[in-house]
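Enquirer: Structure here, sequence nowhere to be found:
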């Protein structure tokens, strides 16, 4: 029986999920994850035991506006009906915003060309009553004033292809810590609130949260703009800033190249690194 490969765009509030990836600790019930919840809904709609794979393994508490997932199915359901049908089977903190048929060669992880994340920070909140309330699930906070000019100057040093070993957690599990950052910008988004937006070919475990923590330290005058290059050169986690909490982070979008292009890019990266 012929199958189709379906790509989904998924949004979720990560607060009550233990991250994206399915987790089933031995001898315990499965943890509530975005992938697990979505997969069950998809199976109900297509009436098959399909496996749903995602492009980005967001951590517990991290949100997504544009996560991408894919699965193969023999179901002949109209693709235009899939997003509403799957969403109707999902809880209120996750939904499918788009569904489309893609070529069989499409690789939801390998064909990723770029991703973007946004980290929101409420700053200059010294007193307890000034901390975020209604948006506390989506905005981290720091007590210090922030110098956005200094933060953007520091952020510019992160753009390009670098070894980001200092900007990932220990035991990150990756063979290479070299990554290319396409853009890193800091902007004021409201009264005493800013957003750090980072895009690149891919990111290491906790990389964006550590970038955010480092830039916040620069903004507070606790770290110099020039220290960023020294932090990267050190290739030591202790040389970069703190890891900011997960609630401020959201996966904005994922962009793809032509189906099947992932293997060629991987070989190019290996030659460069």
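Expert: Right, received. Where do you want to start? What you see is a predicted model, and the numbers here were worked out from it, not measured in a lab. Numbers count the residues shown, from 1 in each chain.
Enquirer: and stretch 125-141, how far apart are its ends?
Expert: This stretch, stretch 125-141, spans 7 Å end to end (C-alpha to C-alpha, to the nearest Å).
Enquirer: Tell me which residues of the helix or strand where residue 155 lies come out buried.
Expert: In the assignment (DSSP states H and E), residue 155 maps to helix 148-156. Within helix 148-156, the residues scored as buried using 16 or more other C-beta atoms under 10 Å are 148, 150-155. The C-beta positions use only the backbone N, C-alpha and C, and glycine is treated the same way.
Enquirer: In CSV, list these along with pLDDT and distance to residue 227.
Expert: CSV is the format used below for the buried residues of helix 148-156 (pLDDT from 0 to 100; distance: C-beta to C-beta, whole Å):
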residue, pLDDT, distance to residue 227
148, 98, 17
150, 98, 11
151, 98, 13
152, 98, 15
153, 98, 11
154, 98, 8
155, 98, 13
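Enquirer: Out of those, flag the one nearest to residue 110.
Expert: residue 155 (28.4 Å; C-beta to C-beta).
Enquirer: my read: that closest one touches residue 184, true?
Expert: Yes: assessed by C-beta atoms under 8 Å, residue 155 is found in contact with residue 184 at 4.0 Å.
Enquirer: joint contacts of those two?
Expert: Here residue 155 and residue 184 share the contacting residues residue 196, scored by C-beta atoms under 8 Å, 6 or more residues apart in numbering.
Enquirer: distance of the closest residue to residue 18 other than its chain neighbours from residue 233?
Expert: Of all residues not flanking residue 18 in the chain, residue 31 sits nearest, at 4.2 Å (C-beta to C-beta, 6 or more residues apart in numbering). Per C-beta to C-beta, to the nearest Å, residue 31 is found 38 Å from residue 233.
Enquirer: Adjacent strands (with direction) for the longest strand seen in the chain?
Expert: Taking DSSP state E as the criterion, the chain has its longest strand at strand 178-190. According to DSSP bridges, strand 178-190 forms sheet pairs with strand 160-163 (antiparallel), strand 193-200 (antiparallel).
Enquirer: which one of the ones you listed is the most hemmed in?
Expert: Comparing the strands paired with strand 178-190 by mean neighbour count (mean count of other C-beta atoms under 10 Å), strand 193-200 ranks first with a mean of 21.
Enquirer: Average pLDDT for the following helix or strand past it, rounded please.
Expert: Sequence order places helix 207-219 as the next helix or strand after strand 193-200, per DSSP H and E. For helix 207-219, mean pLDDT rounds to 98.
Enquirer: Need the contact partners of the very next helix or strand once past helix 207-219.
Expert: Note on helix 207-219: by DSSP H and E, the next helix or strand toward the C-terminus is helix 227-234. For helix 227-234, contacts defined as C-beta under 8 Å, 6+ apart pick out 154, 157-158, 162-164, 166-167, 214, 218, 239-240.
Enquirer: hmm, which of those are the buried ones?
Expert: 154, 157-158, 162, 164, 166-167, 214, 218, 239-240.
Enquirer: Turn those into a markdown table, including distance to residue 119.
Expert: Below are the buried ones among the contacts of helix 227-234 laid out as a markdown table (distance: C-beta to C-beta, whole Å):
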| residue | distance to residue 119 |
| --- | --- |
| 154 | 14 |
| 157 | 17 |
| 158 | 13 |
| 162 | 19 |
| 164 | 16 |
| 166 | 18 |
| 167 | 13 |
| 214 | 11 |
| 218 | 14 |
| 239 | 20 |
| 240 | 15 |
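Enquirer: Closest one of those to residue 116?
Expert: Distances from residue 116 to the buried ones among the contacts of helix 227-234, taken by C-beta to C-beta, are shortest for residue 158, at 14.0 Å.
Enquirer: so who does the closest one touch?
Expert: 181, 184, 198, 211, 228, 232.
Enquirer: Tell me which two of those sit farthest apart.
Expert: Checking the contacts of residue 158 with C-beta to C-beta, the most distant pair is 198 and 232, at 14.5 Å.
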